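S.K.: Give me the fold of what follows.
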Amino acid sequence: MKKLMLIAAIAAVAGAYAAGDCELEPKAKTAAVYAWKFVGKTTVGTPTSYKVAGGVGSNCELGGGSTVNACAVRVPGSLAIQGYLYYCENCCDNFPSGSAGATIPATQTFYMTKPFKDVFTTADITIDVAHIIGKAATQYETKGIAKFTTTDPSVTYTLTFAGLGSFNKSSKVVTAVSGNFAGTAESPYYIGYVGSGKDKTWECVPADWWLCETLAFAGAPSEASVAYGSWTVRYNASASAKYRKGYTIALPKWTGLN
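M.R.: This is a model prediction of the structure:
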């Protein structure tokens with residue numbers, strides 16, 4: 001099994017080349033920019049309250065008592081992570097073919113827009129399957145793990161992805177790959193306002209799940225929840241040409257990444 005490690009700093013500086021010692025020659029044959037997207041569902045927090053009236057039956061019915069408890073519970077929500085990966089041929093192993101144990105000093109810039117806007121303290125992609133396939137050697141298969149950690153609050157998304165795509169033999173680049181991903185979102189949070197009027201406060205707290213047995217939320221809100229959806233990677237020819245000249249893609253200003 002071929003293994004390709006794509007591990008790098010997330011901050012892309014305008015005019016910078018790939019991370020590490022990688023520097024582009026003026027006439028570099030390959031300076032590739034790939035746009036990545038992970039879009040799907042995960043768990044997010046929402047405020048809720050309930051009343052407890054003493055004993056609780058096996059059907060988990062809530063009584064009409066006066067003891068009120070409130071917290072954040074988990075509900076389905078959207079997930080959207082996107083960014084870019086840059087690499088060059090001069091000192092980097094080729095993304096399409098890979099080689100056992102190879103490490104690419106490629107620059108990564110990833111950020112999240114759902115369930116909340118944030119950049120990542122870590123954005124590591126490990127590819128353990130990278131094969132050119134098909135009778136005409138114009139197809140491609142890949143599988144790997146992407147790990148993203150947000151800044152505040154700190155939530156880690158660990159996504160296993162796999163997909164099939166196309167390979168251009170003349171330019172020797174993977175042109176596009178699409179597939180699916182599934183994984184976990186650690187410590188989902190509720191982020192928003194609770195209460196009203198003068199009692200309205202901003203909350204950013206871990207979201208728990210409903211523990212029917214005790215009608216309490218004192219479980220382990222730091223434990224992981226689900227994340228799943230579709231995944232795509234596309235080669236950006238225009239951005240790749242500009243990257244050979246030392247320019248990176250302009251990212252949303254709120255990310256502060258360039």
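
S.K.: Please list all residues in contact with P47.
M.R.: P47 makes contacts with A70, C71, A72, Y190, G192, V194, E203, as judged by Cβ atoms under 8 Å, 6 or more residues apart in numbering. C-beta: built from backbone N, CA, C; applies to glycine.

S.K.: cool, N168 as well?
M.R.: T138, V174, T175.

S.K.: tell me which residues in stretch 109-116 are buried?
M.R.: Buried residues in stretch 109-116, counted by 16 or more other Cβ atoms under 10 Å: T109, F110, Y111, M112, T113, P115, F116.

S.K.: now for the helix or strand hosting the third one, which elements pack on it?
M.R.: With elements delineated by DSSP states H and E, Y111 resides in strand 107-114, which encompasses its position. Taking 3 or more Cβ pairs under 8 Å, 6 or more residues apart in numbering; DSSP states H and E as contact, the helices and strands that strand 107-114 lies on are strand 67-88, strand 118-133, strand 139-150.

S.K.: how about a cut-off of 10 Å?
M.R.: With contacts defined as 3 or more Cβ pairs under 10 Å, 6 or more residues apart in numbering; DSSP states H and E, strand 107-114 has these neighbours: strand 31-52, strand 67-88, strand 118-133, strand 139-150.

S.K.: Which one of these lies nearest to A237?
M.R.: Of all those, strand 31-52 sits nearest to A237, with 8.6 Å by Cβ to Cβ.

S.K.: Direction included, what does that closest one pair up with?
M.R.: strand 67-88 (antiparallel), strand 224-235 (antiparallel) (DSSP bridges).

S.K.: what is the rounded mean pLDDT of the shortest one?
M.R.: Looking back up the chat, that one is strand 224-235. When pLDDT is averaged over strand 224-235, the result is 95.

S.K.: What of stretch 121-141?
M.R.: Mean predicted lDDT for stretch 121-141 stands at 88.

S.K.: Quick check: buried residues in it?
M.R.: A123, D124, I125, I127, A130, H131, I132, Y140, E141.

S.K.: Now do the second one against A241, distance only.
M.R.: Going back to what we said before, that points to D124. 27 Å (Cβ to Cβ, to the nearest Å).

S.K.: for the fourth one, same thing?
M.R.: Shown here: I127 relative to A241, a distance of 24 Å by Cβ to Cβ.
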